[in-house]
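Colleague: Below is the structure, and that's it, no one-letter string:
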């Protein structure tokens, strides 16, 4: 069987999709399947001119809005690049972004299409203060879900929470299959170590949706309680300067290290003790599974896919979003008790190996592909 994995970002970009799909390709190729990756390079801008028509709504009704116009131009660029680069047919196309999915179905209407929706662009934009809930951009982006439902032969997502989120926006949510992300265990190498001062780490894009302002305030409260620690922040983004200023205002300058962007943070994480990320929303939260596989204790918010990964008090701690005091209390528990920290980390590692293994993902995807094109394996 010959399958195309259609991404939006190039596979070298950080994030759950990009850190998983190349390894999926490798595993399937070892099984004798043909599989290729495709994405839109960053250099391709404003090339596409072809008119776009959606069947479930009129996107022209939203024209003139900056974000909508940019989205549609990116769609046209993806059409232009796909026509230029893809000159062969595939048995199945598996798309990992709405634009990639809709473009592929437009250009290859007879090829079965599998679509995995990994996250909510509109929810991220709302949390980051870039658009208003119920506004033009929000209504446009949520309209895309029904178009995806119409075009996809199989619609999938990465958590039960995210399936619930998109259910009101489509006709048949019961048809959505949930396949959580999976990770190649060989990438993660836990290291036995003893840090005299507990080392906390967070890895994310520095945007309001990740709740790092809450984390810094919780760190300040933890420091006031007399606990020593170092917080390592890996990632970059538009609010980095704002966070650095806040760290200074909270007298955390000597307790926090900002590293900026790092391509493979999983190579760095095993040297630390605690992973903490108080996201305001998260469709899955791949970095929690990655941190668990690095043998770190986990602290996250009780939202989205994070709450499906962490069993509170068993393999990590869950706190309400936007709650500085609760986060500081959770951090105090793991900072003050190394044995408790170790037990949480060990349980997190055990669950991640069992539930979020790449082998499990390969098995589930194989069933999806074979169910769509069983005749290909019968030949």
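Modeller: Sure thing, it's come through. Computed from a prediction, not measured in an experiment: that's the story for all the values here.

Colleague: hey, where'd the helices end up in this structure?
Modeller: For the chain, helices defined by DSSP state H occupy the ranges 21-30, 66-85, 98-107, 121-127, 136-151, 160-166, 212-224, 240-249, 286-293, 306-309, 324-336, 338-355, 358-372, 374-378.

Colleague: okay, the ones you listed in TSV with mean neighbour count and mean pLDDT next?
Modeller: Where you see a C-beta, it was placed from the backbone N, CA and C, and this is true even at glycine. Shown next, in TSV, are these (neighbours: other CB atoms under 10 Å; pLDDT from 0 to 100):
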stretch	mean neighbour count	mean pLDDT
helix 21-30	16	93
helix 66-85	17	97
helix 98-107	22	98
helix 121-127	20	95
helix 136-151	19	98
helix 160-166	19	96
helix 212-224	21	98
helix 240-249	15	98
helix 286-293	28	95
helix 306-309	23	96
helix 324-336	20	98
helix 338-355	17	96
helix 358-372	16	95
helix 374-378	10	63
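
Colleague: Any chance of those helices in TSV with distance to residue 180 as columns?
Modeller: Below are the helices of the chain laid out as TSV (distance: least, CB to CB, whole Å):
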stretch	distance to residue 180
helix 21-30	13
helix 66-85	27
helix 98-107	19
helix 121-127	19
helix 136-151	19
helix 160-166	9
helix 212-224	25
helix 240-249	30
helix 286-293	8
helix 306-309	8
helix 324-336	24
helix 338-355	7
helix 358-372	8
helix 374-378	25
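
Colleague: Could you double-check that residue 320 sits in contact with residue 326?
Modeller: Yes: counting by CB atoms under 8 Å, residue 320 touches residue 326, with 5.7 Å between them.

Colleague: shared neighbours of these two, anything?
Modeller: Residues touching both residue 320 and residue 326 (CB atoms under 8 Å, 6 or more residues apart in numbering): there are none.

Colleague: And for residue 226, the neighbour number?
Modeller: Using other CB atoms under 10 Å, the number of residues around residue 226 comes to 8.

Colleague: Sorry, wrong one. I was asking about residue 41.
Modeller: Counted with other CB under 10 Å, the neighbours of residue 41 add up to 11.

Colleague: Pull the contacting residues for it.
Modeller: 10, 81.

Colleague: Now it, what are its backbone angles?
Modeller: phi -70, psi 150 (degrees, to the nearest 10).
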